Structure formats: C-alpha cells, structure tokens
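Participant: Generate a structure from the sequence data that follows.
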Amino acid sequence: MGKRSKRISTEGNEQSLESYPFGGLDMGNLPDSKPSPIEKIVAEPKIEKKKSRGRVDVIRQRSAGGAGWMTVAKNFIGISKEEKNDLKKQIQKRCGVGGALKDGMIEIQGDKREDVRAVLEKARFRVVFAGG
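Facilitator: Reported below is the predicted structural model:
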C-alpha cells in the first residue's frame, strides 16, 4: 500500500481565494520575498574610478656617448619637483639602477620601461610609450 500524502486545504472564504489564491496557506519560516534586481543595484555602493593625473611619455633613448640605453619619463603636468624626485627614488629602488632628474624629466639607466610604467601607474599617471 502506498503512503497517503498530506494535502493542504484550499477551502476558505471564496473572496480571499479570488484575490489571492494562496492566502490561506501557512508559509512557515519562508522569507517574504527576494529583493528585486533594481533594489540590488540601488543597494550596492558605487565604486569610484581613480582619476588619472595626466599623461606621461616614457621613451627609450641612447645615453650620452651612445654606449647604452636609458629610459626617460617626461611631460609631467602639475607636479612639483619634490614629487618628481620621490617618483625617481621609487623607480630607482624598483629597478635597482641609478637615475637623475634633469629639466623636469626622470632619467633612469638602462631599458627599464616596464618597471617605470608600473611605478607611474601606481601613482595614477597614464603612461604612454613613445619613440623608440
């Protein structure tokens, strides 16, 4: 013999069944409703993008005397000499090479464009490789 399933009674006031057919049912511990997708969008905090501090050109050129390469970061706009000096020190530390600050440009010994790019992007500059 099979088991008899327990049925939930749907009998009740005819008016309540017309407006909401499941109104007489016991919902137990179920949550009322899920938040709509619109409520989710409104509830999530908006993440602000970090604004770029401007474009900086990074080029590779022959050093004086033509013996080797050097990397030059130039065209800094609205940045003080002290901040450029701090950036130069950070780049030198990351690359493990020497460098100089001349005429508002940061000169680094060797072809270290990728390392220079990483430090400048961390400082929120938009880095563009220019020249050779």
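
Participant: Can you list the strands that the lengthiest strand in the chain pairs with?
Facilitator: When the chain is parsed with DSSP state E, its longest strand is strand 55-62. Pairing partners of strand 55-62, with direction, according to DSSP bridges: strand 69-74 (antiparallel), strand 126-129 (parallel).

Participant: which residues are contacting it?
Facilitator: Contacts of strand 55-62 from elsewhere in the structure, counted by C-beta atoms under 8 Å, 6 or more residues apart in numbering, are 68-77, 111, 113, 116-117, 120, 125-132. C-beta coordinates here come from the backbone N, C-alpha and C atoms, glycine included.

Participant: could you redo the last one with a cut-off of 7 Å?
Facilitator: Residues outside strand 55-62 that contact it (C-beta atoms under 7 Å, 6 or more residues apart in numbering): 69-76, 111, 113, 116-117, 120, 125-132.
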